[in-house]
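In: predicted model and sequence follow; I will ask about them next.
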Amino acid sequence: MKLYIKYDINLACRVILQEQLEKFNVKYQLLDLGEIDFKENLSDETYKNLQEGLAKYGIELLDNQKSQLIQKIKDTIIEMVYEKDKLPTSTISSYLADKLNLSYGYISNIFSENTYTSIENYIIMQKIERAKKLIIEEGLTLTEVSYKLNYSSVAHLSGQFKKTTGLTPSMFKRIVDKRRGIAKE
Amino acid sequence: MMNKDQSPINIMLADDDEDDRNFFNDAMKELKIKNNLTLFKDGKDLMDYLEHPDTVLPHILFLDLNMPCKTGNECLKEIRSNPKFKDISIAIYSTSSSEKDIEDTFIDGANIYIKKPNDFSKLKKVLKEVVNLNWQFHTSGLNKDTFFFSI
């Protein structure tokens, strides 16, 4: 018997973090965007134990400033794509610059150097990823998806979807359905 | 929360043509992303290696469809029926451009479909793009089950 699940990865990570942190009896606060604010300094041993405890969940502590910034940029983009129902279209650069309190030129250079892709490409990748989820998990029509992701038209969404994946949204849905054995022959 | 920007990407290729293998090797050397490449000349060698318990599994595996002994398709089906290999992205390259073949390949479990271009420099560009894209997916924790790319 097969069951299909939908999961909220952010929630799952927060719960895991809380469970792991409880073990160490330290005062902390979980902030948004992958930040933990410790009210006191961690001993090397505690840091190491925490690191090990989190490692098995695929959660890494970032102790490198560049990595932290990259992750913050990615997290901000994801938040933009997923949590705001309407994405800011023409003001993405100023949104990021404001949110991170750095010049956009600097942000985009660091991002490209370290991730080998541009911020623009990364945003498109995340939008299409969300489009896939909306199509499969929520069964939204293309019209609804293009509205939710702030595309000017279904054609615009399909165009970007095809450019990013090489498939049309309907071919994509057909493949996923067939893989799951819900064939519509 | 996940950041694996610094670790190299592990790539494997199974192709019976020696020129293709050398060519692929050259293309991967030019890649900006750090990578480790392992080459196989047929499907059986590949599967034996993958099944070995000490083998470090690849992030991405390129399969030529037309191989003697064990075809790319047979390898694809075998790999996809083993949950141990579920995190491997599989790229099939083929000379077919029929939509049905492409669709069937994805349905059978491939993530990437590459229509072999005639031009070597185009193929190099495609291979680099594919590896880069796969790495983007990997480092951003995106869903491999719905990761498809056709080019």
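Out: Happy to help now that I have it.

In: surely A:L54 and A:E19 touch.
Out: No - A:L54 lies out of contact with A:E19 (Cβ atoms under 8 Å); the separation is 10.2 Å. C-beta here means a position set from N, CA and C on the backbone, and glycine is covered the same way.

In: which one of the two is surrounded by more residues?
Out: A:L54 (18 against 11; other Cβ atoms under 10 Å in any protein chain shown).

In: domains of chain A?
Out: According to automatic domain parsing, chain A comprises the domains A:8-59, A:122-179.

In: is the last one anywhere near chain B?
Out: This points to domain A:122-179. Yes - Domain A:122-179 reaches chain B (Cβ under 8 Å from any Cβ of the partner chain) through A:122, A:125-126, A:129, A:132-133, A:136, A:165-167, A:171-172, A:174-176, A:178-179.

In: in helices, which of these fall?
Out: A:122, A:125-126, A:129, A:132-133, A:136, A:165, A:171-172, A:174-176, A:178-179 (DSSP state H).

In: pLDDT score assigned to the most centrally placed residue in chain A?
Out: Using Cα atoms, centre = their mean, the residue of chain A that lies closest to the mean C-alpha position is A:I78, 4.0 Å off. pLDDT for A:I78: 89.

In: before we move on, what about A:E185?
Out: pLDDT for A:E185: 43.

In: how about B:L142?
Out: We have a pLDDT of 88 for B:L142.

In: for the helix or strand where B:V131 lies, the distance to its chain's centre please.
Out: Assigned by DSSP states H and E, B:V131 belongs to helix B:120-139. What separates the centre of helix B:120-139 from the centre of its chain is 10 Å, taken as Cα atoms, centre = their mean, to the nearest Å.

In: which positions in chain B make contact with chain A?
Out: B:1-5, B:32-33, B:99, B:103, B:106-107, B:109, B:113, B:132, B:135-136, B:139-143, B:146, B:148-151.

In: out of these, which are inside strands?
Out: Within the residues of chain B next to chain A, residues falling in strands by DSSP state E are B:Y113, B:F149, B:S150.

In: tell me the residue of chain A that sits nearest chain B?
Out: A:G166 (3.1 Å; Cβ to the nearest Cβ).

In: contacting residues for the nearest residue to that residue once chain neighbours are set aside?
Out: In this structure, A:G166 finds its nearest non-sequential neighbour in B:S150, 3.1 Å apart by Cβ to Cβ, 6 or more residues apart in numbering or on different chains. By Cβ atoms under 8 Å, 6 or more residues apart in numbering or on different chains, the residues touching B:S150 are A:T165, A:G166, A:L167, B:I102, B:F106, B:I112, B:Y113.

In: distance of B:S150 from A:K162?
Out: Remark: distance between B:S150 and A:K162 (Cβ to Cβ, to the nearest Å) = 9 Å.

In: cool, and A:Q51?
Out: 42 Å.

In: residues contacting B:F137?
Out: B:S89, B:K144, B:F147.

In: go on, A:V81?
Out: A:L87, A:I123, A:Q126, A:K127, A:R130, A:L149.

In: number of nearby residues for A:Y104?
Out: For A:Y104, using other Cβ under 10 Å, the count is 16.

In: I'd say it and A:T91 touch.
Out: No - contact criterion Cβ under 8 Å: A:Y104 and A:T91 do not qualify, at 10.7 Å.

In: where do the helices sit along chain B?
Out: Counting by DSSP H, the helices of chain B are B:18-29, B:43-51, B:72-80, B:99-107, B:120-139.

In: in the chain, where is pLDDT below threshold?
Out: Going with chain A. Residue ranges of chain A with pLDDT under 70: A:32-33, A:84-90, A:182-185.

In: try chain B instead
Out: Within chain B, the stretches with pLDDT under 70 are B:1-6.

In: show me what whichever residue of it sits closest to chain A bridges to in the sheet.
Out: Nearest residue of chain B to chain A (Cβ to the nearest Cβ) works out as B:S150 at 3.1 Å. Beta-bridge partners for B:S150, by DSSP bridges, are B:Y113.

In: what separates it from A:P169, distance-wise?
Out: For B:S150, the distance to A:P169 (Cβ to Cβ) stands at 13 Å.

In: and for B:N132?
Out: Here the criterion is Cβ to Cβ. By it, B:N132 lies 23 Å from A:P169.

In: likewise B:P117?
Out: 25 Å.

In: between those two, which is the more surrounded one?
Out: Between B:P117 and A:P169, counting by other Cβ under 10 Å, A:P169 is the more crowded of the two (21 against 15).

In: measure the more buried one to B:S121 for me?
Out: 31 Å.

In: likewise for B:M12?
Out: Distance from B:M12 to B:S121, by Cβ to Cβ: 23 Å.

In: higher neighbour count, those two?
Out: Legend: neighbour count by other Cβ under 10 Å for B:M12 and B:S121, higher for B:M12 (22 against 9).

In: surely that one and B:P58 touch.
Out: Yes - using Cβ under 8 Å, B:M12 is in contact with B:P58, at 4.2 Å.

In: overlap of the contact sets of these two?
Out: Between them, B:M12 and B:P58 share the contacting residues B:T38, judged by Cβ under 8 Å, 6+ apart.
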